[in-house]
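In: sequence-free structure coming up:
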C-alpha cells in the first residue's frame, strides 16, 4: 500500500504533506524508532512518561519513509529536516494518535478482525482459564473434525494457533502487533480469535478496530490500582468492551459479580446472557452439583437446553469460568451435546491449580497457582480446602511497584484461611523486598504466626519439607511464570521447578 493511500484512511490528520514519499510503498509499521526498517512508517505513540513521537528523527535516520506523530511531539522537536535544510522529512501530525495508530494498523494489515469471529474476555480473574476453555471447545466439540473452527488464542500465556505458538509479552498486545498477529492468524486459516482483553488495553485503545461477536465479563476485584485511579476507573475501562466501539454480538456476563450486575442493565436485554453459580434465573447455571478432588459434575442449564455434565476443573470459580465458556461456544454455533462431550477432556491451564507430582504415591499435595489478588487467593484457598485432609500451607507474596493496598488484604486472607501462611517474595522489582513483606504482615492478625522467608526458593523448599503426610502446599502468585524480577533484572525462576526440587529432597532424604 502506498503511503498516500494509507494516510487517507487515518482520521484527524492536521495536514497531508506534499512530499515525494507519499508515492512510496509502505513496507511495514514500527512504533520503535530504533527498530525501524527502510520503508517503514514510524508511528510515535504518546506514553505515560515520554511521547514516542519525539524520536521521529531517529526513525527517519534508520530509513523510515515517514513519521506519524502527535502535535505535542511536533512542538518539542527540531525543524523537520534530515540535516539538509533542502531535504524535508515526511512528518505527519495527527490530533488523536490512539485512533490514528489503530486506523493505520487495521488498514495496513487489511482489516483482519473483520475476517474473524472474535471473542473478547475481560475481568480481573478467570480470563486465561475461560479463553483456554473456549479455544478447547471450538477445537474439540464438533462431531466431524472437518467442521471444527480453527482458532487463534491471544492471552497472558501465549499467542497461538494451529502451527504457531509464541510466548506472550502482554496480556493484550499493543495495536500494531495485535493487528499483525490477527493478520497472521487469518493467513493461517483461522476463523475465530479468542482474546484476553485487559483493562490496560481498553484504556489505551489497543483493541480499536476489533469488533467482537462475543464479549465476556468474568468479575472485577481489586487489582491494577497502580494504573487505574480507583475501582470506578477500573470498572469503566472494563465496561468499554461492551460499548458500541467493540461489541457487535452477544454479551455474556457474570451475574454473581456486583460489577457484572451493574453492567447488565446498561445493555440491550436481548443482547445479554447472564451466568451464575448461585441464581437459577440466569441464562446459564448449574444444579445437582457434586464436587470431587478430580473435578465437578452436575446438571448444566443453558439457552440451548439442559444436560448432565462433568469437568476436571476444581472450585466454584472454575465452574463460573466453565459457564462463560459454554455460553460463548453456544453463541458461536456449537452443539450443546458436543460441548458437554468435550468438557471432561479439557487438560487445564499451566499454572492454574496445577498439581506438581514427583511420584504417584506422593504423600502431600503441591499446587501451583497464579492467584495474585485478594479475591483470587481467597478463591484458591477455599477451592483447595475440601481436598486437603491435613494442614493447608500457603506460600505467597506480592509484586513490587504495584498496588500496595492489596498486600495487607492478602496477608489477612492467607492467615485466616490457611493453617500456615509462608510469606515470601514474588516479583519485588525495584522495591525493597523486606518492605513488601512488612506491608503483607500488617494484615496478619496478631494471634497468627506466619513464617516469613524472603527468598522464594527457600520458602517453597521449607514449606514442602516441613509438610506432614496428607498436608497440602499451595504456592500462589506466579503460576506459569518462569522468571522472577529482582530490581530491573529478570532471572529464571519457576515455582514448579522449585517445588520438584524440594520434593526430590523430601523423598531422598
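Out: Alright, I've got the coordinates. Everything numeric here is computed off the predicted structure, so don't read it as measured data.
In: Can you list the residue ranges for strands in the stretch 351-500 of the chain?
Out: 354-355, 365-369, 392-396, 420-423, 451-452, 472-476, 483-486, 489-492 (DSSP state E, counting those that start in this stretch).
In: Any idea what residue 2 is bridged to?
Out: Using DSSP bridges, the beta-bridge partners of residue 2 come out as residue 25.
In: sorry, back to before: of the strands of the stretch 351-500 of the chain, give the one that comes closest to residue 215.
Out: Nearest to residue 215 among the strands of the stretch 351-500 of the chain is strand 365-369; the distance by CB to CB comes to 26.0 Å. C-beta coordinates here come from the backbone N, C-alpha and C atoms, glycine included.
In: Mind listing the strands that closest one pairs with, and their directions?
Out: Next to strand 365-369 in the sheet, as set by DSSP bridges, lie strand 354-355 (antiparallel), strand 472-476 (parallel).
In: before we move on, back to that, would you reformat the strands of the stretch 351-500 of the chain as JSON lines and include mean neighbour count and mean pLDDT?
Out: Shown next, in JSON lines, are the strands of the stretch 351-500 of the chain (neighbours: other CB atoms under 10 Å; pLDDT from 0 to 100):
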{"stretch": "strand 354-355", "mean neighbour count": "17", "mean pLDDT": "91"}
{"stretch": "strand 365-369", "mean neighbour count": "25", "mean pLDDT": "95"}
{"stretch": "strand 392-396", "mean neighbour count": "27", "mean pLDDT": "98"}
{"stretch": "strand 420-423", "mean neighbour count": "25", "mean pLDDT": "98"}
{"stretch": "strand 451-452", "mean neighbour count": "16", "mean pLDDT": "98"}
{"stretch": "strand 472-476", "mean neighbour count": "26", "mean pLDDT": "97"}
{"stretch": "strand 483-486", "mean neighbour count": "17", "mean pLDDT": "96"}
{"stretch": "strand 489-492", "mean neighbour count": "10", "mean pLDDT": "96"}
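In: Any chance of JSON lines for those strands, columns distance to residue 53?
Out: Output for the strands of the stretch 351-500 of the chain, formatted as JSON lines (distance: least, CB to CB, whole Å):
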{"stretch": "strand 354-355", "distance to residue 53": "43"}
{"stretch": "strand 365-369", "distance to residue 53": "41"}
{"stretch": "strand 392-396", "distance to residue 53": "41"}
{"stretch": "strand 420-423", "distance to residue 53": "44"}
{"stretch": "strand 451-452", "distance to residue 53": "47"}
{"stretch": "strand 472-476", "distance to residue 53": "41"}
{"stretch": "strand 483-486", "distance to residue 53": "29"}
{"stretch": "strand 489-492", "distance to residue 53": "28"}
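In: between those, which gets nearest to residue 267?
Out: Closest of the strands of the stretch 351-500 of the chain to residue 267 is strand 365-369, at 32.1 Å (criterion: CB to CB).
In: Look up the closest residue to residue 272, ignoring the ones flanking it.
Out: residue 251 (4.8 Å; CB to CB, 6 or more residues apart in numbering).
In: Next, that neighbour: phi, psi?
Out: Phi and psi for residue 251, reported as degrees, to the nearest 10, are phi -100, psi 130.
In: So in terms of bridging, what pairs with it?
Out: residue 215, residue 272.
In: I figured it hits residue 260, correct?
Out: No - counting by CB atoms under 8 Å, residue 251 stays clear of residue 260, with 10.0 Å between them.
In: Need the overlap of contacts for these two.
Out: residue 217 (CB atoms under 8 Å, 6 or more residues apart in numbering).
In: Please identify the buried residues of the helix or strand in which residue 296 is found?
Out: Secondary structure from DSSP states H and E places residue 296 in strand 295-302. By 16 or more other CB atoms under 10 Å, the buried positions in strand 295-302 come out as 295-298, 300-302.
In: Out of those residues, which comes closest to residue 446?
Out: Closest approach between those and residue 446, by CB to CB: residue 296, at 37.6 Å.
In: I'd assumed residue 317 was in contact with that closest one.
Out: No - contact status for residue 296 versus residue 317: not in contact, 11.3 Å apart, counting by CB under 8 Å.
In: list residues touching both of these two?
Out: By CB under 8 Å, 6+ apart, no residue touches both residue 296 and residue 317.
In: Next up, the contacts around the spatially closest residue to residue 23 that is not a sequence neighbour.
Out: Spatial nearest neighbour of residue 23, excluding adjacent residues (CB to CB, 6+ apart): residue 2 at 6.1 Å. Applying CB under 8 Å, 6+ apart to residue 2 gives the contacts 22-26.
In: 10 Å instead?
Out: Listed by CB atoms under 10 Å, 6 or more residues apart in numbering, the contact set of residue 2 reads 8, 21-26.
In: Break the protein down into its structural domains.
Out: Following automatic domain parsing, one gets these domains for the chain: 3-107, 110-345, 354-508.
In: what about the last one, start to end distance?
Out: Just to be clear, that refers to domain 354-508. 23 Å (CA to CA, to the nearest Å).
In: just checking, residue 403 touches residue 124?
Out: No - using CB atoms under 10 Å, residue 403 is not in contact with residue 124, being 11.7 Å away.
In: From residue 123, how far out is residue 178?
Out: From residue 178 across to residue 123, the span is 19 Å (CB to CB, to the nearest Å).
In: For the host helix or strand of residue 183, list every residue counted as buried.
Out: Here residue 183 sits within helix 175-187, counting by DSSP H and E. Buried residues in helix 175-187, counted by 16+ other CB under 10 Å: 175-186.
In: Nearest to residue 329 among those?
Out: residue 185 (18.7 Å).
In: Three-state assignment for the closest residue in space to that closest one that isn't next to it in sequence, please.
Out: Excluding the flanking residues, the one nearest residue 185 by CB to CB, 6+ apart is residue 152, at 3.7 Å. Under DSSP: H, G, I helix; E, B strand; the rest coil, residue 152 falls in the strand class.
In: so what's residue 152 up against?
Out: With CB under 10 Å, 6+ apart, residue 152 has these contacts: 116, 118, 135, 159-162, 164, 181-182, 184-186, 188-195.
In: mind redoing it with 7 Å?
Out: 161, 185, 190, 193 (CB atoms under 7 Å, 6 or more residues apart in numbering).
In: For it, name its beta-bridge partners.
Out: residue 193.
In: how close does it get to residue 324?
Out: Residue 152 is 19 Å from residue 324, by CB to CB.
In: likewise residue 283?
Out: For residue 283 relative to residue 324 (CB to CB), the value is 11 Å.
In: How about residue 329, nearest residue that isn't a chain neighbour?
Out: residue 137 (4.4 Å).
In: let me fix that: residue 460
Out: Residue 460's closest residue in space is residue 498 (CB to CB, 6+ apart), at 4.6 Å.
In: which residues touch the closest residue to residue 381 other than its chain neighbours?
Out: Excluding the flanking residues, the one nearest residue 381 by CB to CB, 6+ apart is residue 417, at 4.1 Å. Counting by CB under 7 Å, 6+ apart, residue 417 touches 378, 381-382.
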